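**Student:** The following block contains a protein sequence and its predicted model.
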Amino acid sequence: MIRFENVTKTYPKSTRPAVDGISLEIGRGEFVFVVGTSGSGKSTMLQLIMKEQDATGGRLSVAGRELDRLPDRKVPSLRRQIGCVFQDFRLLPNKTVHQNVAYALQVLGAPRSRIRSTVPEVLDLVGLAGMEKRFPHQLSGGEQQRVAIARAFVNRPPILLADEPTGNLDPGISLEIVQLLDRINRTGTTVVMATHDFATVDAMRKRVIRLDNGVLVGDVEAGEYTTGSIPRIELDDRPIPTRAPEPAVADGYDDGAPTGAGSAAEADPAAHVDDEAPDGERQAAAQGSGR
Ligand SMILES: Nc1ncnc2c1ncn2[C@@H]1O[C@H](COP(=O)(O)OP(=O)(O)OP(=O)(O)O)[C@@H](O)[C@H]1O
């Protein structure tokens with residue numbers, strides 16, 4: 001699903017690589033933590049996967065695409081495969097919980113009927129049923145992160161990247177958020193999470209990739225990494241609603257078909273309303289949805 005072959009990223013004007021000759025493979029459906037001190041290259045690694053940064057050396061393949069050879073016009077198609085969650089939530093402050101999640105589908109051109117059925121389903125999955133009409137400022141940090149996760153997952157992307165998703169949360173809430181990511185992982189979505197949160201990493205007993213100064217210094221199989229500080233937690237084994245049979249967006253995974261606002265208008269004229277939204281809003285929704 002994700003393959004790094006001797007990948008290096010040196011930022012312009014930088015004297016040393018932020019990511020330095022990394023080779024590793026992350027298989028479909030894996031849950032992987034990326035750990036390392038501040039500046040070790042965790043965020044850069046995630047940004048390379050979503051092609052927000054380009055590698056300066058080596059080869060990187062994501063969801064069947066060779067990123068060094070991926071033309072710009074196909075980057076949106078790559079990003080539809082990837083949901084993203086960030087430390088600072090990045091919700092749209094003037095939209096409700098429902099609208100924040102729905103917007104991620106609208107910018108992908110999903111018809112209104114699909115949005116109506118899918119959004120409540122995913123809000124229920126993340127534990128926010130009943131909070132649809134609240135605005136972000138009326139939610140706790142943990143609840144805001146749940147909205148962000150719902151937005152990232154609403155299109156059921158095969159890959160979910162989480163960059164310090166618990167960085168602004170208390171320890172108990174952090175564990176709940178990672179357990180939610182674990183539930184999402186068990187629907188088949190590959191999860192890669194960068195974190196400083198060693199208590200959670202210990203508790204979850206997943207595969208752990210460790211970076212130091214951009215270099216891969218550890219890759220420990222699931223179940224083997226722990227400092228032994230806390231006992232293993234119980235995972236939430238409740239079933240998750242299965243994926244709907246039809247694709248969530250009009251274009252599916254087709255690389256060539258026209259997508260986005262144009263197809264939104266064709267599929268559902270009402271969806272066009274939000275195309276008038278400011279650029280910043282469109283960008284925030286797109287980031288969350290993995291567009
Ligand atoms: N856009 C950029 N331009 C130049 N240098 C950058 C840029 N982004 C990151 N770096 C540098 O690359 C190195 C790795 O940074 P990165 O943010 O990937 O680390 P990190 O492990 O995610 O750190 P943190 O845990 O603090 O978020 C650092 O030395 C950083 O200063």
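**Tutor:** Looks like it came in fine. Numbers count the residues shown, from 1 in each chain.
**Student:** Get me the contact residues on the protein for the ligand.
**Tutor:** Residues of the chain found near the ligand (Cβ under 6 Å from any ligand atom) are 11, 14, 18, 36, 38-44. From N, CA and C alone the C-beta is placed, and that goes for glycine too.
**Student:** Kindly recompute the last result at 5 Å.
**Tutor:** Counting by Cβ under 5 Å from any ligand atom, the chain comes close to the ligand at 11, 18, 38-44.
**Student:** Tell me which stretches of the stretch 151-291 of the chain form helices.
**Tutor:** Here the stretch 151-291 of the chain has its helices, by DSSP state H, counting those that start in this stretch, at 171-185, 198-204, 261-267, 279-289.
**Student:** repeat for the stretch 1-150 of the chain
**Tutor:** Listed in chain order, the helices of the stretch 1-150 of the chain (DSSP H, counting those that start in this stretch) span residues 42-49, 75-79, 97-106, 112-125, 141-153.
**Student:** Output those as CSV; include the columns mean neighbour count.
**Tutor:** As requested, these are exported to CSV (neighbours: other Cβ atoms under 10 Å):
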stretch, mean neighbour count
helix 42-49, 24
helix 75-79, 18
helix 97-106, 25
helix 112-125, 17
helix 141-153, 25
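**Student:** Which two of the residues of the chain next to the ligand have the greatest separation?
**Tutor:** Tyr11 and Ser38 (15.8 Å; Cβ to Cβ).
**Student:** In terms of packing, which of the two has more residues around it?
**Tutor:** Using other Cβ atoms under 10 Å as the criterion, Tyr11 and Ser38 rank with Tyr11 on top: 13 against 7.
**Student:** now the helices of the stretch 1-150 of the chain as CSV including mean pLDDT and distance to Gln87?
**Tutor:** Shown next, in CSV, are the helices of the stretch 1-150 of the chain (pLDDT from 0 to 100; distance: least, Cβ to Cβ, whole Å):
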stretch, mean pLDDT, distance to Gln87
helix 42-49, 98, 10
helix 75-79, 93, 19
helix 97-106, 95, 17
helix 112-125, 95, 21
helix 141-153, 97, 9
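**Student:** Now distance to Glu221 too, for the ones you listed, in CSV please.
**Tutor:** Output for the helices of the stretch 1-150 of the chain, formatted as CSV (distance: least, Cβ to Cβ, whole Å):
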stretch, distance to Glu221
helix 42-49, 19
helix 75-79, 28
helix 97-106, 34
helix 112-125, 28
helix 141-153, 26
